[in-house]
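[1] Okay, here's the prediction I keep looking at, along with the sequence it came from:
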Amino acid sequence: MKALKPLLIAILALYLLPTFASAGWWALQDRPARWSEANWGSAGILPQPEASVDAAIYIFSAATGGLKGAVASHSWIVTKAKGAKTYIRYDKVGWGSPIRRNHRSADAFWYSNRPQLVRAVTGSQAELLIPKIEGAIAAYPYAEPGGYTIWPGPNSNTFVAFVLRTVPDIDAVLPPHAVGRDYLPDGEFLHIDDDWRDIHLTIRGLIGVSAGWRSGFEVHFLGLVAGLDLARPGIKIPAFGRLGV
């Protein structure tokens, strides 16, 4: 029991208190009651696709709807081939055919919540990476109807995290509130990124660690992530996200 007490205190301080604080703040905000009342239009973050001939890749994340938006976000991928006049947006959703293409504007609000631009890659590097992203999307193992579980995964964030791990040169990590991102496919316990810059250990996305130059040091517990960012100094707080440079 003496050894258990510090562990319980750590879980309370690192995971439960931030979660309860975020839920309390969220409950005080004016939110749409139904999805049909929410703003799903463009947030005006991205330039018009025809404004540049360069290829581009964008990773987005936005708080989701309902009470779960207090602790969880939804992420998606946007690409634009060199010379293309339109963006292509890829999401995984929990209804119908899971992998959706262009079902919303590339930089749209999600349940009226403004998206966060997690990562942008443009120019020749994006041109090289887009075919790899398309290959990773095609290889995603939960792309059939029924291949979605809101918690602990596989969900929308599991999908995007799978692509980021498969194509590590994108050099991005989803924010701490992207619940489901640490769920590894097919019951995998250990994953080492191809460039050896990150290592991930998990038990079905419920408890585990990630460590490396991209992830820094993270401990996830029941889908909530706490940790330290090394590449860009900062801290990762469950439900709130990342604070730092």
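    Received the coordinates, thanks. Numbers count the residues shown, from 1 in each chain.
[2] and the worst-scoring helix or strand of the chain on mean pLDDT, C-alpha only, in PDB?
    Within the chain, no helix or strand scores below helix 4-11, which has a mean of 78 by mean pLDDT, DSSP states H and E. Below are the C-alpha coordinates for helix 4-11, written out as PDB (Å, rounded to 0.1, in the frame of the first residue of the first chain):
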ATOM      1  CA  LEU A   4       0.700   2.300  -4.300                       C
ATOM      2  CA  LYS A   5      -0.100   5.700  -2.600                       C
ATOM      3  CA  PRO A   6       2.600   7.700  -4.500                       C
ATOM      4  CA  LEU A   7       1.400   6.200  -7.800                       C
ATOM      5  CA  LEU A   8      -2.200   7.100  -7.100                       C
ATOM      6  CA  ILE A   9      -1.200  10.700  -6.100                       C
ATOM      7  CA  ALA A  10       0.800  11.000  -9.400                       C
ATOM      8  CA  ILE A  11      -2.200   9.800 -11.400                       C
END
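[3] can you list contacts of that helix?
    Among residues not part of helix 4-11, those counted as contacts by C-beta atoms under 8 Å, 6 or more residues apart in numbering are residue 221. For glycine as for every other residue, the C-beta is placed from the backbone atoms N, C-alpha and C.
[4] List the buried residues for that helix?
    Residues of helix 4-11 classed as buried: none (neighbour count, 16 or more other C-beta atoms under 10 Å).
[5] Determine how far it lies from the middle of the whole chain.
    Mean-position distance between helix 4-11 and its chain equals 28 Å (C-alpha atoms, centre = their mean, to the nearest Å).
[6] And for stretch 27-44?
    Between the centre of stretch 27-44 and the centre of its chain there are 20 Å (C-alpha atoms, centre = their mean).
[7] now do the same end-to-end measure for that stretch.
    27 Å (C-alpha to C-alpha, to the nearest Å).
[8] which residues make contact with it from outside it?
    The list of residues contacting stretch 27-44 from outside it, by C-beta under 8 Å, 6+ apart, reads 65, 67, 69-70, 104-112, 114-115.
[9] what does stretch 195-204 give?
    Residues external to stretch 195-204 that are found in contact with it (C-beta under 8 Å, 6+ apart): 152, 165, 168-169, 173, 182-184, 187, 189-193, 208-215, 220.
[10] neighbours around residue 32, how many?
    Residue 32: 14 surrounding residues under other C-beta atoms under 10 Å.
[11] If you average the pLDDT over stretch 143-162, what comes out?
    The average pLDDT within stretch 143-162 is 94.
[12] Buried ones in it, by neighbour count?
    By 16+ other C-beta under 10 Å, the buried positions in stretch 143-162 come out as 143, 147-148, 152-162.
[13] tell me which of these is nearest to residue 224?
    Taking C-beta to C-beta as the measure, residue 152 is the one of the buried residues of stretch 143-162 closest to residue 224, at 10.5 Å.
[14] Need phi/psi at the closest one.
    Per-residue torsions, residue 152: phi -80, psi 0 (degrees, to the nearest 10).
[15] now swap in residue 173 and tell me
    Dihedral angles phi and psi of residue 173 (degrees, to the nearest 10) take the values phi -130, psi 130.
[16] shouldn't it be in contact with residue 213?
    No: the pair residue 173 / residue 213 is not scored as a contact, 10.1 Å apart, by C-beta atoms under 8 Å.
[17] between the two, which one's more packed in?
    In this comparison of residue 173 against residue 213, neighbours counted by other C-beta under 10 Å, the higher total goes to residue 173 at 27 against 13.
[18] Out of the contacts of stretch 195-204, list just those in helices.
    By the criterion of DSSP state H, membership of these in helices covers residue 165.
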